[in-house]
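**Q** I would like the atomic coordinates for the input below:
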Amino acid sequence: MFGWKELKKATDGFARENLLGIGGFGEVYRGVLEDGTLVAVKSAKVGNLKSTQQVLNEVGILSLVNHKNLVRLLGCCVDAKQPMMIYEYIANGTLHEHLHNTTGTRVMLGWKARLKIAHQTAEALAYLHSSAHTPIYHRDVKSTNILLDTDLNVKVSDFGLSRLAQPGLSHLSTCAQGTMGYLDPEYYRNYQLTDRSDVYSFGVVMLELLTSKKVIDFSRAPDDVNLAVYVTQRARDGAVEEVFDEQLFGTAGALRSAEMFCELAVACLKEKKEERPSMKEVAEMLQHIIGIALDQEESS
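**A** Below is the predicted model of the structure:
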């Protein structure tokens, strides 16, 4: 348990220069504890019941898990006007910032780095679905919730919308929540949340890694605004290479692994959830694709 005064001191009074991000839940600040430990402090919005519930839900979820590619909860604070959670500080920003250079300071991620990020994210989600004591549905998988450390290792974050599976039930009946562009259309239609809803969202993240394009972009043609629709249509037309980020693929070997990567992403985006692979299967296939990419790089 952290005290309010301790966190106020750590963040220099929640100074604006320490603000890391603002979301629907509230704000996240960078802080330094008295022992020198760097932390991120997430605060619910004052007086906002929904925001408070999301922060408390995140504390509950992260207290149940332990995986190297999930952000680590250090503690919480309940003696402030609003609940706060304190977790490890991840220094290299979000995947979204790197892919779309929203800060103007990010370096270009190479193809090997993107494969690694995809695989580590898939491993983290597979852990939530298959290895946690009670299966957990993340419910908001997107590139802004994938943090990267200085070695570009993944830390999946933001469990405010996450839900625990209920024993004996194939799905949770709940109002559809998530982020447009990443939201499973079947979940949106029937309000049945399953692990395959996370698979769909991860498939969209894979397309971001492959194309470096935004998930929703109104500067594209009307039929191409949604990235998932845009790429799956190109795949049906046999012209999927048109959407690849051409800076990534200088060799035929890299292009082959990209094609396999795209096939896997499209499988994750199947309209019917029963036709999508599990996250465990996705992680295994990504490991196979990484092996092929390395073999072809060595032989080229």
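**Q** what's the burial count for residue 88?
**A** Using other Cβ atoms under 10 Å, residue 88 has 17 neighbouring residues. For the C-beta atoms, the positions are set from N, CA and C on the backbone; glycine is no exception.
**Q** pretty sure residue 249 is touching residue 259, no?
**A** No - between residue 249 and residue 259 there is no contact under Cβ atoms under 8 Å: 9.6 Å.
**Q** what kind of secondary structure is residue 228 in?
**A** helix (DSSP: H, G, I helix; E, B strand; the rest coil).
**Q** show me what contacts it?
**A** By Cβ atoms under 8 Å, 6 or more residues apart in numbering, the contact set of residue 228 is 181, 203-204, 207, 215, 269.
**Q** now it: how far from residue 200?
**A** 8 Å (Cβ to Cβ, to the nearest Å).
**Q** Using PDB, list the CA coordinates for the host helix or strand of residue 60.
**A** Using DSSP states H and E, residue 60 falls within helix 49-62. Taking C-alpha atoms only, helix 49-62 is exported to PDB below (Å, rounded to 0.1, in the frame of the first residue of the first chain):
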ATOM      1  CA  LEU A  49     -17.600   5.900 -10.700                       C
ATOM      2  CA  LYS A  50     -16.800   4.100 -14.000                       C
ATOM      3  CA  SER A  51     -13.200   5.300 -13.900                       C
ATOM      4  CA  THR A  52     -12.900   4.200 -10.300                       C
ATOM      5  CA  GLN A  53     -14.300   0.800 -11.100                       C
ATOM      6  CA  GLN A  54     -11.800   0.300 -14.000                       C
ATOM      7  CA  VAL A  55      -8.800   1.100 -11.800                       C
ATOM      8  CA  LEU A  56     -10.100  -1.200  -9.000                       C
ATOM      9  CA  ASN A  57     -10.700  -3.900 -11.600                       C
ATOM     10  CA  GLU A  58      -7.200  -3.600 -13.000                       C
ATOM     11  CA  VAL A  59      -5.700  -3.900  -9.500                       C
ATOM     12  CA  GLY A  60      -7.800  -7.100  -9.000                       C
ATOM     13  CA  ILE A  61      -6.700  -8.600 -12.300                       C
ATOM     14  CA  LEU A  62      -3.000  -7.800 -12.000                       C
END
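**Q** Flag every buried residue along it.
**A** Buried residues in helix 49-62, defined by neighbour count with 16 or more other Cβ atoms under 10 Å: 51-52, 54-59, 61-62.
**Q** Report the contact partners of residue 235.
**A** Counting by Cβ under 8 Å, 6+ apart, residue 235 has contacts 262-263, 266.
**Q** Repeat that for residue 87.
**A** 39-40, 42, 62, 71-74, 157.
**Q** Just say helix, strand or coil for it.
**A** Per three-state DSSP, residue 87 ends up strand.
**Q** what sits up against the helix or strand encompassing residue 39?
**A** Secondary structure from DSSP H and E places residue 39 in strand 38-44. Residues from elsewhere that reach strand 38-44 (Cβ under 8 Å, 6+ apart): 7, 10-11, 14, 20, 25-33, 51-52, 54-55, 58, 74, 80, 82-91.
**Q** can you rerun that using 6 Å?
**A** Contacts with strand 38-44, where a contact means Cβ atoms under 6 Å, 6 or more residues apart in numbering, come from 7, 11, 26-29, 31-32, 51-52, 55, 82-87, 89.
**Q** filter these to the buried ones?
**A** Buried, going by 16+ other Cβ under 10 Å: 7, 11, 26-29, 31, 51-52, 55, 82-87, 89, out of these.
**Q** average model confidence for the helix or strand where residue 198 lies?
**A** Using DSSP H and E, the element containing residue 198 is helix 195-211. Taken as a whole, helix 195-211 has an average pLDDT of 96.
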